[in-house]
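A.B. asks: Below: sequence and its predicted model.
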Amino acid sequence: MAGKRQGKAKPTVMLKEEGYSVIGKPIPRVDARAKVTGEAKYAADIEVADMLWGAIKRSPHPHARILNIDKSKAERLPGVKAIITGKDFGGFKWGWSRETRDEEPLASTKVRYLYEGVAAVAAIDEDIAQEACDLIEVEYEPLAGVFDPFEAMKKGAPLVHEDRPGNLCVEYHWNFGDVEKAFSESYLVREDTFQTPRMAKGYIEPPAIVAYWTDGSHLTVHAAKGSPYFPYRILSNCFNLPLSNVRIIQPFIGSDFGGTKNDMVNGDFSAPMLAKKSGKPVKIVYTQFDELTTCLRRHPMWVTIKTGMTKDGKLKAIQTKVISDGGAYTRMSPLSNFLTGISMALPYKLPHFKTDVFCYFTNNPSSAAMRGHGIYHTRFAGDVQMDMIAEELGIDPVEMRLRNAIENPKQGKIYETINKLHLATCGVKECIEKAANEIRWEEEKKRERVKGDKAYGIGFACGTYLSGTKLSGHNACAAMVRICEDGSVSYITGATDVGQGSDTVTCAMVAEVLGIGLEDIDIKRVDTAHTPVDPGTYGSRVTVLAGEAAINAAKDAKRMLLEVAAKEFGVKPEEMDIKNKKAFVRTNPGMSIPWARLVRMACYTTPGMVIIGRGQSSRGISTYGLADFTTGIGDIGTNYSFTAQAQEVEVDLETGVVKCTDNSVIAHDCGFPLNPPAVDTQVVGGAYHPGVGAALYCEFKMDKGLTLNPNLVDYKLPRAYEAPMTKVIHVITNDPFGPFGAKEASEGSTCTAPPAVINAIHDATGVWIKDLPAKPEKVFWALKKKRELEQKKK
Amino acid sequence: MKGEPRELKIKVNGMLYELKVKPNVLLSDVLRKDLKLTGTKRGCLESTCGVCTVILDGKAVRSCSILALQANGHEVTTIEGLAQGNKLHPIQQAFIDHGAIECGFCIPGRVMVAKALLDENPHPTREEVRLAMQGVLCADVGYVKQIEAVEIAAEKMRGGE
């Protein structure tokens, strides 16, 4: 039964809020200076002595058999040092999980999407490497392709993978409660189909890698990878090396947003193989064209949603059918498609839910995770349809959301959804109230919509996202806190900051726990030879789980130091604490030792201590067990964030051009904002602007596997003048499962902009745009149709 | 044919360099590969993203869309040329203090755009800042704090009037 509260929240890792000295304060990023001076090295900036440049030879067909590859002309080009083809990898295949290993480092027998890599060259400079690629002659037998999931599912459609009948990549069928009965008891039942487009992740830094070997048996890689322990394992398998011989050194990362920088691209395999063959370091840097034509993108999805409501606007049941285009290889599709179902019971109370999800292979570039992963599609459908139903029932959309919103559980209580997600905190009601209040919803809704040839409207939407993703397999983050003898601290982490700010907040956590300053902490970033293994940067997991590991490591180091201090005062270590760089007896703060002296005492008193605190996260795996992908039951998050957004749009009634105005509010429950300005940039830049882009601008246009707009201008990433200013309101719920009460910040709020914008367009003009993005021509035709209908009625 | 290397004399961050480069080499490649000034980022190589922006004779230009030899005899400033020793340029400082940095990949180009704007126009309106900023794409900070940081820097550079 949904809404049942049971059990007690597990003990908290949160300290008392009032006493924080670093956490919760606006602190500058630990990497800001390096980034603003240009000193920060990204993968493409790294150079190694004697380095060669690599380039990839790509297929001109989206679907074709490879009959022969002739390297002879390329080999004769002066400056060429090594050429490889798919065959050099000896049939190695890789994938997201053991069961889904269906992709080769370079295609050896068949290409499945346009520009898939089939060979690679290393040469003394970039131009020669590219020229040699042009000289490689590949003989293909072109095959008929499939380019959308509706073609792919047809009987007799060409098969992307011969061993995958019906081109079915993954399917899910979940059933909670009794939707049929609930529909029959509903006052109103409504069914709509919504469409979300193929999207680029939108990061500016293209993939890049530098790889080299020492002794022929140790591989070192510097690459733009947000989850360095993915290539660590995959390259170990690929080159048959023990993990101890694979060294991935993480440079600064120019954003990720899921997918490409989690796992591998052709270049990530080619550079190490070319380096092996040539005996020299090899560097491959993608262009944005390579990235936008071959790398992972967001799944286009068709979401049919049927909702039953009571007369007073309460949700009774939702049934969804989701069709998605997985592209050429499985990649993360099992997870992306799984996630479309888990969010329907959030952030609104839902007693009955059924879903059927089908993802198909096509000859398009592969689809995968993107910010708001999976949840974005179905929450868009749900929150737009909620406004449609509100209109039919004559209920105010904000009021309707308040009636359905999950209440914040009382302290120590847990709310369990119908699919057994567990919430210790849920600030969505407060978010709705604060956003509505800030935008002056009650006054605004009475105002005139049309002014001259422009119409104005305000839309509302709510969102949610999981933080601290838990999947099967290795899930723990780990950290070490090493106290240097002068009192400075090395914080050694396996986690990667791709820009979200986790390096800074985890350093802040270490400083807070140790009772010293942020300036005393120095982060040692990922080098798989020295840092502890970590799952990676995805699923809004770093701050929540790497944060827990950092706290535990700092506590461990602190315990060792307090044992030394306690001996000095003849008390028990538990009776002491450290604050403001002083260790003191709690009951008698006059009995104290300065931090630097305590550290020296510990390190120099014979025989001398080596203080390395160790910690790992356990919450992500232990609290409520893992989600079952077959039934859809169970948690995939450690905790869940909530957002409500109000957005005004201006619609040009003549041209159909829609603009988001600066009249915009996002109220966001991230538990507790650990570094408020960083939460703001996450919510605004990492979530809201991409959300506005998804609503109005961003979409790959395709023609038989060819990407027609492979640059960020024609694809249309929002620019400074298309990116509205918005107000962010922090709603604080202090989640007991997060470090210092924190939950994720921004994946949830990227899901609210598209429904808020579409609802605002309707509020302004009365038309519904059900397929994203709301480009001018779509709005223009919808307005024209509406005018014609109105004239007919007259 | 690619053509023979020719002489390039170029002043970068106040230093005069004399090199030989092929006619097809981009300014961004000379900066990054020959002069090892990797603060100027490499993004699209087709003038869309703006992360390679440098200042050429006072104007913000995309160094991926200009041949190195076109800059012969001219003066270039890159992100490495902004700080005076340990003292950051007011724009750099404002970006740090105002929290206008996330992944940082667009920051060098964006700071150069801001510098070119403020050197020419010390009193820009918000619209003028927005328009200047539109030449550099950002995927994560969102332009809000960056625009505000430029306005803060402008005020500092005017002497806190």
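C.D. replies: It's in. Residues are numbered from 1 along each chain as shown, chains lettered A, B, ... in the order given.
A.B. asks: For residue 16, give me the pLDDT.
C.D. replies: In the absence of a named chain, chain A is used. In this model, A:K16 is scored at 47, pLDDT.
A.B. asks: that's the wrong chain, I meant chain B
C.D. replies: 98.
A.B. asks: tally of neighbours for A:F642?
C.D. replies: Other residues near A:F642 number 33, with proximity taken as other CB atoms under 10 Å in any protein chain shown. For the C-beta atoms, the positions are set from N, CA and C on the backbone; glycine is no exception.
A.B. asks: Quick check: end-to-end length of stretch A:225-243?
C.D. replies: 17 Å (CA to CA, to the nearest Å).
A.B. asks: Tell me where the model's unsure across the chain.
C.D. replies: Using chain A here. For chain A, the stretches with pLDDT under 70 are A:1-18, A:620-623.
A.B. asks: ah, I was thinking of chain B
C.D. replies: B:1-2, B:160-161.
A.B. asks: May I have the longest helix along chain A as CSV, with CA atoms only?
C.D. replies: In chain A, assigned by DSSP state H, the helix with the most residues is helix A:547-569. Extracted in CSV, the C-alpha atoms of helix A:547-569 (Å, rounded to 0.1, in the frame of the first residue of the first chain):
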residue,chain,number,x,y,z
GLY,A,547,31.2,12.2,0.9
GLU,A,548,30.3,9.4,3.3
ALA,A,549,33.7,7.7,2.6
ALA,A,550,35.5,11.0,3.1
ILE,A,551,33.7,11.6,6.5
ASN,A,552,34.6,8.1,7.6
ALA,A,553,38.2,8.4,6.6
ALA,A,554,38.5,11.7,8.4
LYS,A,555,36.9,10.2,11.5
ASP,A,556,39.3,7.4,11.5
ALA,A,557,42.3,9.8,11.3
LYS,A,558,40.8,11.9,14.0
ARG,A,559,40.3,8.9,16.3
MET,A,560,44.0,8.2,16.0
LEU,A,561,45.0,11.7,16.9
LEU,A,562,42.5,12.0,19.8
GLU,A,563,44.0,8.8,21.3
VAL,A,564,47.3,10.7,21.5
ALA,A,565,45.7,13.8,22.9
ALA,A,566,43.6,11.9,25.4
LYS,A,567,46.7,10.3,26.9
GLU,A,568,48.2,13.7,27.4
PHE,A,569,45.2,14.9,29.5
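A.B. asks: Would you mind measuring from whichever residue of chain B sits closest to chain A to A:G632?
C.D. replies: In chain B, the residue that lies nearest chain A is B:G39 (2.0 Å; CB to the nearest CB). Relative to A:G632, B:G39 is positioned 48 Å away (criterion: CB to CB, to the nearest Å).
A.B. asks: ok so, going back, didn't the residue of chain B closest to chain A look like it was pressed against B:T77?
C.D. replies: No - B:G39 is not in contact with B:T77 according to CB atoms under 8 Å; the separation is 11.1 Å.
A.B. asks: Show me which of those two is the more surrounded one.
C.D. replies: B:G39 (26 against 21).
A.B. asks: With adjacent residues omitted, what lies nearest to that one?
C.D. replies: A:G38 (2.0 Å; CB to CB, 6 or more residues apart in numbering or on different chains).
A.B. asks: wait, the one you found sits on B:I79?
C.D. replies: Yes - taking CB under 8 Å as the definition, A:G38 is a contact partner of B:I79 at 3.7 Å.
A.B. asks: Mind listing the shared neighbours of these two?
C.D. replies: Residues within reach of A:G38 and of B:I79 at once, by CB atoms under 8 Å, 6 or more residues apart in numbering or on different chains, are B:39-40, B:108.
A.B. asks: Restricted to helices, list those residues.
C.D. replies: Per DSSP H, the subset of those in helices is B:P108.
A.B. asks: for A:F239, what are its contacts?
C.D. replies: By CB under 8 Å, 6+ apart, the neighbours of A:F239 are A:219, A:246, A:272, A:276.
A.B. asks: Report the contact partners of the last one.
C.D. replies: Looking back up the chat, that one is A:K276. A:K276 makes contacts with A:213, A:216, A:239, as judged by CB under 8 Å, 6+ apart.
A.B. asks: what does A:A381 give?
C.D. replies: A:192, A:194, A:303, A:305, A:320.
A.B. asks: need the residues of the stretch 201-350 of chain A near chain B, please.
C.D. replies: The stretch 201-350 of chain A comes close to chain B at residues A:201-206, A:252-255, A:257, A:285, A:287-289, as judged by CB under 8 Å from any CB of the partner chain.
A.B. asks: tell me the two of those residues that are most distant?
C.D. replies: The most widely separated members of those are A:F252 and A:F289, with 22.8 Å between them, by CB to CB.
A.B. asks: The two: which is more packed in?
C.D. replies: A:F252 (24 against 17).
A.B. asks: Skip the chain neighbours and tell me the closest residue to the more buried one.
C.D. replies: A:F252 sits nearest to A:A40 (CB to CB, 6+ apart), 4.5 Å away.
A.B. asks: contacts for the strand or helix carrying A:V683?
C.D. replies: A:V683 is located in helix A:676-683, with elements delineated by DSSP states H and E. Residues outside helix A:676-683 that contact it (CB under 8 Å, 6+ apart): A:24, A:26, A:29, A:500-501, A:504-505, A:643, A:666, A:668, A:670, A:673, A:728, A:730, A:745-746, A:749, B:98-100, B:102, B:140-142, B:145.
A.B. asks: Break the chain into its domains for me.
C.D. replies: Assuming you mean chain A. A:43-143+A:206-253+A:261-294, A:297-470+A:625-793, A:477-617 (automatic domain parsing).
A.B. asks: Switch to chain B, please.
C.D. replies: Following automatic domain parsing, one finds the domains of chain B at B:6-80, B:90-157.
A.B. asks: ok, and does the shortest one reach over to chain A?
C.D. replies: Yes - residues of domain B:90-157 contacting chain A under CB under 8 Å from any CB: B:92, B:95-108, B:111, B:130-131, B:133-134, B:137-147.
A.B. asks: and stretch A:543-555 with chain B, contact?
C.D. replies: No - Stretch A:543-555 is not in contact with chain B by CB under 8 Å from any CB; minimum separation 13.7 Å.
A.B. asks: contacting residues for the residue nearest to B:S65 when sequence neighbours are not counted?
C.D. replies: Excluding its sequence neighbours, the residue lying closest to B:S65 (CB to CB, 6+ apart) is B:S47, at 4.1 Å. B:S47 sits next to B:62, B:64-65 when contact means CB under 8 Å, 6+ apart.
A.B. asks: Any chance of JSON lines for the residues you listed, columns neighbour count and secondary structure?
C.D. replies: As requested, those are exported to JSON lines (neighbours: other CB atoms under 10 Å in any protein chain shown; DSSP: H, G, I helix; E, B strand; the rest coil):
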{"residue": "B:R62", "neighbour count": "26", "secondary structure": "strand"}
{"residue": "B:C64", "neighbour count": "24", "secondary structure": "helix"}
{"residue": "B:S65", "neighbour count": "15", "secondary structure": "helix"}
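A.B. asks: how about these in JSON lines, adding distance to A:P281?
C.D. replies: Output for the contacts of B:S47, formatted as JSON lines (distance: CB to CB, whole Å):
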{"residue": "B:R62", "distance to A:P281": "29"}
{"residue": "B:C64", "distance to A:P281": "24"}
{"residue": "B:S65", "distance to A:P281": "29"}
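A.B. asks: quick one: contacts for A:R586?
C.D. replies: Counting by CB under 8 Å, 6+ apart, A:R586 has contacts A:575-577.
A.B. asks: do that again at 6 Å, thanks
C.D. replies: Residues near A:R586 by CB atoms under 6 Å, 6 or more residues apart in numbering or on different chains: A:575, A:577.
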